[in-house]
Each structure stands twice: as C-alpha cells, then as structure tokens.
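In: Structure, please.
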Amino acid sequence: MTKLVLARHGETAWNVERIFRGRSEVELDDVGMRQAELLGKSLSDLKLDAIYSSPVRRALDTANIVARYQKIDVRVAQGLSDMHFGEWQSLSEQEVRRRYPALLDEWHSTPERIRMPGGESLEDVRNRSMQVVSGVVSKYDGSVLLVSHRVVIKVLVCSLLGLDNSHFWNIGQDVGGVTIFSYVNGRFVLTRHNDTSHLRALGKPALDDF
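Out: You can find the predicted model right below:
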C-alpha cells in the first residue's frame, strides 16, 4: 500500500493580498515559515520514504523544512509546479477583474472550460501532476509526501476521486493543509482532507480559497 500525502505550501504575502502567483518566485512570509515548521513536526511521526516538491520556491522551501524532520532529501518534480496563469500571473484579483472580467467570471463558474491567456488549462495541470502520482505509486510501497500548490492539489483530488475538473471549486485546500490518500488494490481512497489541525497553535483563521 502506498500512502500519498499531499501538502500545500505555507502562506505568502501574495496569498494574503490575493495576487495570482503561478510560477512567480514568492517567498514564504513569517506565518508561512511557521506553518511549514508545524507541518514538519506534525509529519515527524510518519516515516516518509520520499518527499517530492514543486520547483517553485514557496513549495520547495516548505518541503525542505519538512525534510529536516525526516532526514531525507527533497526530489524536485516539475509536474507539481503551480498552474501557469500566463497573463494573470503577478496580478491582483482586482486587476484581473478590471482587465479580464468575463474570463474571471468563467474561471469562477466553469474553470474546466478555460485556458489562461498565455498559460495553462486545468487539464494541462491534471495531466502533468498525475504523471508524478503514477510514478510515485509504481515506485514506493510506503508513505510519500508531495508538496505543491492550491490548484494542483485541488485538481489531483478531483482526479484521484474520479471526478472531472468541473468539481474544482468543490475542493478546498488551505495553505499548510494536508490531504492523504491510500492507494490499495489499484484504487485511491481518501482518508484525510485539508487537515490544518497542526496549525492551531498559530491562532490564525484560514485564508479564503485563493
């Protein structure tokens, strides 16, 4: 049996300010660093056979903090990179609303139908991230952590549950949140979703889904 642990990176200033991040190299803020430490501590009782991370800094920094508790190296997986938001990348939600009002409405209503101008679609994200998952479950018979981003994890959860991308907004994944699947007899079974109990010590409410 493979235990697949999906974790979203810690908070950044752009999460708080509601700026589309994508491939932009935004550092964890002070809260995000503490979230990563608490994530590492919470997973320290779980022996991880491997840690894979998006190459984007906020995820990679989170993964490296967790790895210190496990004493293993982080493996970079390009397929776990955040969605390429194209022309939206580094723009605030307010600015996107001003420049692309119709497309933003479609993103909020039927995200599975659009491709970001100059960027990716959810199906692109699904295909590349599922290649990482397929490789992991074929290689490991233990616990593996994948550190990635909101869009990637939400799409993966849909895929692993057999749902299409139209269910994207039915899935939540907070910064620092953990989702776990067991892979048994060719089937992914969801055992924990968006668990942020390890972050209670911060006394900070979860951000909106952004």
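In: mind checking how far the closest residue to residue 83 other than its chain neighbours is from residue 84?
Out: Nearest residue to residue 83 in three dimensions, chain neighbours excluded: residue 151, at 4.2 Å (Cβ to Cβ, 6 or more residues apart in numbering). The way it works is simple: take the backbone N, C-alpha and C, and place the C-beta from them, glycine included. For residue 151, the distance to residue 84 equals 10 Å [Cβ to Cβ, to the nearest Å].
In: returning to that earlier point: does the residue nearest to residue 83 really touch residue 121, like I thought?
Out: No: counting by Cβ atoms under 8 Å, residue 151 stays clear of residue 121, with 10.8 Å between them.
In: Who has more neighbours out of these two?
Out: residue 151 (21 against 17; other Cβ atoms under 10 Å).
In: and that one, what does it touch?
Out: Residues near residue 151 by Cβ atoms under 8 Å, 6 or more residues apart in numbering: 82, 83, 122, 125.
In: Now for the residue nearest the centre of the chain: which residues touch it?
Out: When the chain is reduced to its mean C-alpha position, the nearest residue by Cα atoms, centre = their mean turns out to be residue 149, at 2.5 Å. By Cβ under 8 Å, 6+ apart, residue 149 lies in contact with 8, 9, 21, 54, 56, 59, 80, 81, 82, 83.
In: which parts of the longest helix seen in the chain are buried?
Out: Scanning the chain for the longest helix, with DSSP state H as the assignment, gives helix 122-139. Residues 122, 125, 126, 128, 129, 132, 133, 136, 137 are the ones in helix 122-139 that count as buried (16 or more other Cβ atoms under 10 Å).
In: Check stretch 9-17 too.
Out: 9, 10, 11, 12, 14, 15.
In: One more: stretch 77-95?
Out: So, applying 16+ other Cβ under 10 Å, buried residues of stretch 77-95: 77, 79, 80, 81, 82, 83, 84, 85, 88, 89, 91.
In: Please apply the same query to stretch 55-69.
Out: By neighbour count on 16+ other Cβ under 10 Å, the buried set for stretch 55-69 is 56, 58, 59, 60, 61, 62, 63, 64, 65, 66, 67, 69.
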